[in-house]
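[1] Give the three-dimensional model of this entry:
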Amino acid sequence: MANALPNVQHAALWLVGPDMPGLLNLGATFVRDRGGNIDKDIADKFGENAVVFMSVTAEPANIQRMAAETASLKAASGCAVVFQPMKEPTIPAGFCEELHGFDVITDDAPGIIAEITKLVADYGMLIVGHTGERRVVPGPRRQVQAGQKYIVMLPRTFDLNEFSFYLNKLVKQHNGQVKAPLRPVPGLLWWW
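    Numbers count the residues shown, from 1 in each chain. Here you go, the predicted structure:
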């Protein structure tokens, strides 16, 4: 008999404020001590401030407990705290249930994310997840590169070959490459 998933609800937790040692641990401990599980987390530093995001699952009663007790996390961290319970996501009408993704690496350029997201929108895709990052590649000729990963929902009518052609063309204009072409990716909608 296959393991059935427990009755869980999803929520998002954000902490934004002054950075400090152990900030991610405070958020993780808050979730753990209230019966939650972290499905995905992102922590980043911006100057003196930090942003922590966690996608959380727990039984509905534990989600309610977390929502009611965010003041304790705010007091311990000194950060602004937002806890948002969510309903199970649904597939919008006219979109495929299976998620797809692609990764690109290009030279960094102002507007590169805007250009790629415009192409995605022009083809009617919904962006479910996106991560982008600028990195300095060390070496005798240092180079700044931009890497991006997209997770999308495709409309039921979609021309994969045409989209791939224009994505490759756009990426090559920025001396880049499509590291992973548009392809199905594992995972459920709420995970991304």
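[2] low-confidence ranges in this protein?
    In the predicted model of the chain, residues 1-6, 188-192 satisfy pLDDT under 70.
[3] show me what contacts the most centrally placed residue in the chain?
    In the chain, the C-alpha nearest the mean C-alpha coordinate belongs to G129, at 4.4 Å (C-alpha atoms, centre = their mean). Contact partners of G129, counting by C-beta atoms under 8 Å, 6 or more residues apart in numbering, are 101, 149-151, 192. Heads up, the C-betas are built off the backbone N, CA and C, glycines and all.
[4] quick one: which of those is most hemmed in?
    The most crowded member of the contacts of G129, judged by other C-beta atoms under 10 Å, is Y150 (22 neighbours).
[5] That one belongs to a helix?
    No - counting by DSSP: H, G, I helix; E, B strand; the rest coil, one finds Y150 to be strand, located in no helix.
[6] so it touches F102, yeah?
    Yes - counting by C-beta atoms under 8 Å, F102 is a contact partner of Y150 at 5.6 Å.
[7] quick revisit: can I get the contacts of G129 in TSV including distance to L26?
    Output for the contacts of G129, formatted as TSV (distance: C-beta to C-beta, whole Å):
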residue	distance to L26
G101	31
K149	28
Y150	31
I151	28
W192	25
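[8] which one of those sits closest to G36?
    W192 (18.6 Å; C-beta to C-beta).
[9] tell me which residues in the lengthiest helix in the chain are buried?
    Taking DSSP state H as the criterion, the chain has its longest helix at helix 160-173. By neighbour count with 16 or more other C-beta atoms under 10 Å, helix 160-173 contains the buried residues 163, 167, 170-171.
[10] domain ranges for the chain?
    Split into domains by automatic domain parsing, the chain comes to 9-86, 95-191.
[11] mind listing what V104 touches?
    116, 147-148, 167, 171, 176-179.
[12] what helices or strands is the longest helix of the chain leaning on?
    strand 95-107, helix 112-122, strand 177-184 (3 or more C-beta pairs under 8 Å, 6 or more residues apart in numbering; DSSP states H and E).
[13] quick one: it to strand 177-184, angle?
    160 degrees (axes from the mean of the first three to the mean of the last three C-alpha atoms, to 10 degrees).
[14] ok, and what's touching helix 160-173?
    Contact with helix 160-173 is made by 102, 104, 106, 115-116, 119, 123, 177-178, 181-182, as judged by C-beta under 8 Å, 6+ apart.
[15] picking that back up, of the buried residues of helix 160-173, closest to V137?
    Of all those, V171 has the smallest distance to V137: 16.9 Å, by C-beta to C-beta.
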